[in-house]
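Colleague: Generate coordinates for the sequence data below:
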Amino acid sequence: MIYRYKATLPHSKNFIRVYEVKANTTLYAFHLFLQNDLSFSPDQQVFFKSYDAAGHPVRECGLFDTGFGAMDQVHLRTLQEKGEETLHYVFDVFKKRYLVLHFEGIEDEQLRKTYPRTIMEKGGNPDQFREDQISFEMDLEELESESE
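Modeller: The predicted structure is shown next:
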């Protein structure tokens, strides 16, 4: 069983990724994939925060167990079974920057494909260390309205 997640950045219309991940994947394995896919530094602290369908926070899972299990102990299947359909992948702990990973559905596994995998991407990778980066896809009106 394959889960499909759509990744977006808050306040950005330019960044979208769609990922397919096996249901038995741990959050840690998903983290390693995201880190590689987005060219994030491996020496930064990260964690996942899960939300139920109503948008209420349910759990936080980091590299170390803080009461809800460590990333390597929690599987995507477990989150789905408990109704935790949205994940925030916090990649900048100090500036509270994160990817929103929203569960999109279940797909059948294709035998010749490797998982996890990126099936769609739009926009460049977010800069893990610069919050104020300006997208090259922004039009002039958006740029002027932000400077006011």
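
Colleague: use CA for all of it now, contacts and neighbours both
Modeller: OK.

Colleague: ok, which stretches of this protein are helices?
Modeller: Secondary structure of the chain (DSSP state H): helices at 27-37, 76-81, 140-147.

Colleague: hey, least reliable of these by pLDDT?
Modeller: Among these, helix 140-147 has the lowest mean pLDDT, at a mean of 47.

Colleague: Return the distance of His75 relative to Gln128.
Modeller: For His75, the distance to Gln128 (C-alpha to C-alpha, to the nearest Å) stands at 25 Å.

Colleague: Which residues belonging to stretch 84-100 are considered buried?
Modeller: Buried residues in stretch 84-100, counted by 16 or more other C-alpha atoms under 10 Å: 84-92, 97-100.

Colleague: now the residues you listed in JSON lines, with distance to Gln35 and pLDDT?
Modeller: Formatted as JSON lines, these follow (distance: C-alpha to C-alpha, whole Å; pLDDT from 0 to 100):
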{"residue": "Glu84", "distance to Gln35": "22", "pLDDT": "95"}
{"residue": "Glu85", "distance to Gln35": "21", "pLDDT": "93"}
{"residue": "Thr86", "distance to Gln35": "18", "pLDDT": "97"}
{"residue": "Leu87", "distance to Gln35": "15", "pLDDT": "97"}
{"residue": "His88", "distance to Gln35": "14", "pLDDT": "97"}
{"residue": "Tyr89", "distance to Gln35": "10", "pLDDT": "97"}
{"residue": "Val90", "distance to Gln35": "11", "pLDDT": "95"}
{"residue": "Phe91", "distance to Gln35": "9", "pLDDT": "94"}
{"residue": "Asp92", "distance to Gln35": "12", "pLDDT": "91"}
{"residue": "Arg97", "distance to Gln35": "14", "pLDDT": "92"}
{"residue": "Tyr98", "distance to Gln35": "12", "pLDDT": "95"}
{"residue": "Leu99", "distance to Gln35": "12", "pLDDT": "96"}
{"residue": "Val100", "distance to Gln35": "14", "pLDDT": "97"}
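
Colleague: Having no further points to raise, I will conclude here.
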